[in-house]
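Participant: Provide a 3D model corresponding to the input given below.
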Amino acid sequence: MPMSQPISMPWSAPMFPPPPHSWQGVRSALVPFTPDEVNLTRILPPGIEAEPGLGSIVLLSYPQSDIIHPFNECVVIVPVRVGDVVGNYVPYIYVTTDEALIPGREIGGFPKKIANVEWERDGDAFRASVTRFDELILAVEGTIAGPMPEEFAALQAEVSSRPSINYKLIPGPAGEIEIEEITATPIVIEAHEVEIGTATLKTNFVAADPVADLVPSTEGMLAVLRSDNTIPAGRVLERIERSVTA
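Facilitator: Predicted structure coming up:
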């Protein structure tokens, strides 16, 4: 996508253009879970409140697009509220390339980290895992049974329609907080070939990536789909004005 002026570093070879960013034929798998209430309350940033409902582990495999190479992603989402806006807070998110990490952090404030996100479907069998620095964070094994009933598909679509809520922190060169704000980023998903099955989710405690504090090992539903995804421009819900030095 041509740009008259770079919006990202490096100036001479910018990493990404302005939104919207789109992909055709994204593969996704969703495993719902019940968040640990105590730890959810503990990790939520100021201004973000827990909302009743299930959280989800979402595993995605993005194909080549016109702005980015293929990558895999794992997103942990929990329902939250910021004022009158209900959305999906993203406490943890892992991607496999710097192309996927940098725009997510710089634009929407997604707290992305680089990790090995493995994805495999063999017939009706599904397997996935997330490993960082050789430590297993989570693993999923499931079986896909068939097309998703309409009532489940409608529920999945409603959850997916909520904006992603992030607490965006960017430090200044002296260690102070340069930008501190709560953002809302919509994700437009046009779903195709939605299927349902069952899965076992196992989480492993890792001190640097404590997903297991929030997400218990569980057995339950697995939803698998192919979709066309677009991430349009988001917005700032709240900007915090303060200066904190290291």
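Participant: all contacts plus neighbour counts: C-alpha atoms, from now on.
Facilitator: Will do.
Participant: all helices of this protein, in order?
Facilitator: 37-43, 98-103, 150-161, 211-214 (DSSP state H).
Participant: check those for me: which has the lowest mean pLDDT.
Facilitator: The stretch with the lowest mean pLDDT among the helices of the chain is helix 150-161, at a mean of 66.
Participant: tell me the bridge partners for the residue sitting nearest the centre point of the chain.
Facilitator: Centroid-nearest residue in the chain, with CA atoms, centre = their mean: Val75, separated by 3.3 Å. Beta-bridge partners of Val75, counted by DSSP bridges, are Val58, Ile93.
Participant: and the gap between it and Trp11?
Facilitator: From Val75 across to Trp11, the span is 30 Å (CA to CA, to the nearest Å).
Participant: and if you look at Val215?
Facilitator: Distance from Val215 to Trp11, by CA to CA: 40 Å.
Participant: got the contact list for stretch 39-57?
Facilitator: For stretch 39-57, contacts defined as CA atoms under 8 Å, 6 or more residues apart in numbering pick out 30-35, 74-82, 86, 91, 167, 213-214.
Participant: pull out the buried residues from that stretch.
Facilitator: Applying a neighbour-count criterion of 16 or more other CA atoms under 10 Å, one finds Leu40, Leu44, Ile48, Glu49, Ala50, Gly55, Ser56, Ile57 buried in stretch 39-57.
Participant: could you check how far the residue nearest to Ile77 when sequence neighbours are not counted is from Arg162?
Facilitator: Of all residues beyond its chain neighbours, the one nearest Ile77 is Val90 (4.8 Å), with distances taken as CA to CA, 6 or more residues apart in numbering. Going from Val90 to Arg162 by CA to CA gives 12 Å.
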